[in-house]
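Asks: The following comprises the amino acid sequence and a computationally predicted model.
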Amino acid sequence: MSSGLISYEDTDLELSHSSQLRYKIHQVIALKMEELPIKPSGIFMQQDFITPEHEQKLIHIFENELEWPTRPGRLSLHYGYTFSYKTFGIDEETPFKPFPEWLVPLLPTTEGRPPDQVCLQQYAPGTGIPPHVDTHGPFDQLYSLSLGSPLFMQFANKETGEKIEVDLLPRSMMQMSGDSRLHWTHGIKSRKTDTLPDGTVRLRQLRWSLTYRWLRKGAECECGNEKLCDTAQRRKGIEREYRWKQYEEDAKAPQS
């Protein structure tokens, strides 16, 4: 099973935001993402979304031309709408930020429109991200482009205890949909090495990722998962503070 993915180049792409920006891009490339034959369902992968040469140019920009926060750990920069770490949705008080020139050729599109929010993250060696599910209500599609060092992302089912690790290789584009997007958590363990299936120990180095998010029409999810879906929780009367507390407790839980 495959999912179409288009990287827009060589066409006028008009963004439906208040900025009314029009990007001129130079080539249209249609790609095929293949669904991984694993559980959870809905993980689609496209290897070599860009060339190694393109990747090195991007890394040079990341390391020399961008202004990163000055603090340890995982660092983030936002384009388009800004992601809110308080609500796990859109920061409505921050204006839409135009996509920089280097980002435009990297924009995947589904349903003929660019993403509404893009987050560039830098992972220092040993840095991870707690197991979580991106909020269901605000966001629909979810893609991620990996650059730099490879590492494993773990998907987990809290109900069954099932866990599986997916190797995120440099230049790979991943889409999470269906069960992998809505009913399993995903996270990256904080460690400096990964052990491959053949027993090889792989050292982690500096890594970057681009996460692409599209706003969900109506901002309501109908999956009904009361443990992981913010829409279902709100309808059930579960307070936001409780949901955030549960998220924090999950983040502190040991990852096996």
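Replies: All right, it came through fine.

Asks: for the nearest residue to Gly73 once chain neighbours are set aside, what are its contacts?
Replies: Leaving aside its sequence neighbours, Gly73 sits nearest to Thr127 (C-beta to C-beta, 6 or more residues apart in numbering; 5.6 Å). Using the backbone N, CA and C atoms, a C-beta is placed for each residue, glycine as well. Taking C-beta atoms under 8 Å, 6 or more residues apart in numbering as the criterion, Thr127 is in contact with Gly73, Arg74, Ile188, Ser190.

Asks: State the distance from the spatially most central residue of the chain to Arg71.
Replies: Most central in the chain under C-alpha atoms, centre = their mean is Thr211, positioned 3.3 Å from the mean C-alpha point. Thr211 is 19 Å from Arg71, where distance means C-beta to C-beta, to the nearest Å.

Asks: Over to Ser144?
Replies: Per C-beta to C-beta, Ser144 is found 23 Å from Arg71.

Asks: quick one, which of the two is more surrounded?
Replies: Ser144 (20 against 7; other C-beta atoms under 10 Å).

Asks: what helix or strand is the more buried one on?
Replies: strand 139-148 (DSSP states H and E).

Asks: partners of that strand in the sheet?
Replies: Take DSSP bridges as the rule and strand 139-148 pairs in its sheet with strand 173-176 (antiparallel), strand 207-215 (antiparallel).

Asks: ok, residues contacting that strand?
Replies: Against strand 139-148 from outside (C-beta under 8 Å, 6+ apart): 5, 49, 55, 58-59, 62, 89, 106, 108, 110, 115, 117, 134, 168-177, 181, 205-217.

Asks: Great, nothing more from me.
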